[in-house]
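>>> need a 3D model of the sequence below.
(one chain, ligands or ions: 1)
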Amino acid sequence: MKNKPSLQNAYDLKSPDDNIELYSAWAVTYDNDFIEDMQYKLHFAVAEEFVLNGGNGLILDVGAGTGALAQALLQKGKFSIEATDISEEMLKVAGSKNIYKRSFLSDLTKEIPANNDCYDGVVSSGTFTHGHVGPAAIHELVRVTKSGGLITISVNEKHWIALDFANEVKKLSQHTSKSILKKISIYGENSTHDHKDDKAIVLSIKV
Ligand SMILES: C[S@@+](CC[C@H](N)C(=O)[O-])C[C@H]1O[C@@H](n2cnc3c(N)ncnc32)[C@H](O)[C@@H]1O
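Next up is the predicted model:
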């Protein structure tokens, strides 16, 4: 294994295969040494925005990882949630928590193995970021979401700018009814690590 699991090494990944390798090694300790130790809180903000904008019904969590976002959503209400991720090991940890109705592997840089218009909502936290997934994948999220459904995802702020997510959202506006943006902090205010001040855009799209 080239890189030890760490946020910086995750940001430096170059390909889906690199992601599979890093996250297989990280799966078992991710909740403790990333979510807890680094005071990661992005999943709570995505859950809050999704609920605030009326998200409900059958939901797909993309880049679900160990299930942090589904856990945050289930603290807010009753949801039926499916998980998809490129890492089998991350989904295995998520599966042990009994929070998802179903989970399946996918590479978001390709086609999601799901029919058109089959989810009422799609959510994602922490996956649209450096070295992971770019703006083209949002088309797939729109494709699998029913008309009237809601997509709420976080995008790392610097990644948003570098890959011009705004332009992709503009292009999609011909097929979607409304989009809402909010800038939030990714980590808790008492965190002390190098990325403590990093921000994300939480993007909600009404399909
Ligand atoms: C930083 S973790 C976020 C996990 C979880 N959503 C959270 O908020 O804790 C990023 C996740 O994206 C997944 N991922 C990376 N590239 C992917 C791709 N091309 N397709 C699907 N999932 C991918 C990784 O396996 C990992 O589980």
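
>>> which residues in the chain form helices?
Listed in chain order, the helices of the chain (DSSP state H) span 7-11, 16-26, 30, 42-52, 68-74, 88-95, 137-144, 157-162, 165-172.

>>> near the ligand, which residues of this protein?
Neighbours of the ligand within the chain, by Cβ under 6 Å from any ligand atom: 16, 19, 23, 42-43, 63-65, 68-69, 85-87, 90, 106-109, 125-127, 132-133. The way it works is simple: take the backbone N, C-alpha and C, and place the C-beta from them, glycine included.

>>> any idea how far the longest strand seen in the chain is from the middle of the chain?
Looking across the chain with DSSP state E, the single longest strand is strand 145-156. How far strand 145-156 lies from its chain's middle: 11 Å, per Cα atoms, centre = their mean, to the nearest Å.

>>> do stretch 15-35 as well
That offset, for stretch 15-35, works out to 14 Å (Cα atoms, centre = their mean).

>>> go on, stretch 156-166?
Averaging C-alpha positions (Cα atoms, centre = their mean) puts stretch 156-166 15 Å from its chain's average.

>>> try stretch 158-171
Distance of stretch 158-171 from the chain centroid (Cα atoms, centre = their mean) equals 16 Å.

>>> skipping its backbone neighbours, what lies nearest the spatially most central residue of the chain in space?
By Cα atoms, centre = their mean, the chain has its centre lying nearest to Ser124, at 2.5 Å. In this structure, Ser124 finds its nearest non-sequential neighbour in Ile153, 4.0 Å apart by Cβ to Cβ, 6 or more residues apart in numbering.

>>> report the contact partners of the residue nearest to the centre of the chain.
Ser124 sits next to Val46, Asp61, Val62, Gly63, Leu69, Leu141, Thr152, Ile153, Ser154 when contact means Cβ atoms under 8 Å, 6 or more residues apart in numbering.

>>> indicate the residue of the chain located nearest to the ligand.
Ranking the residues of the chain by distance to the ligand (Cβ to the nearest ligand atom) places Gly65 first, at 2.5 Å.

>>> how about the contacts made by that residue?
Shown in contact with Gly65 (Cβ under 8 Å, 6+ apart): Tyr23, Tyr30, Asp85, Ser87, Met90, Ala94, Gly126, Thr127.

>>> look up phi and psi at the residue lying closest to Val144 once chain neighbours are set aside.
Beyond its immediate neighbours in the sequence, the residue positioned closest to Val144 (Cβ to Cβ, 6+ apart) is Ala114, lying 4.7 Å away. Per-residue torsions, Ala114: phi -150, psi 150 (degrees, to the nearest 10).

>>> other residues contacting stretch 29-40?
Residues outside stretch 29-40 that contact it (Cβ under 8 Å, 6+ apart): 5, 7, 23, 26, 65-66, 68, 90, 93, 126, 186-188, 190-191, 193, 195.
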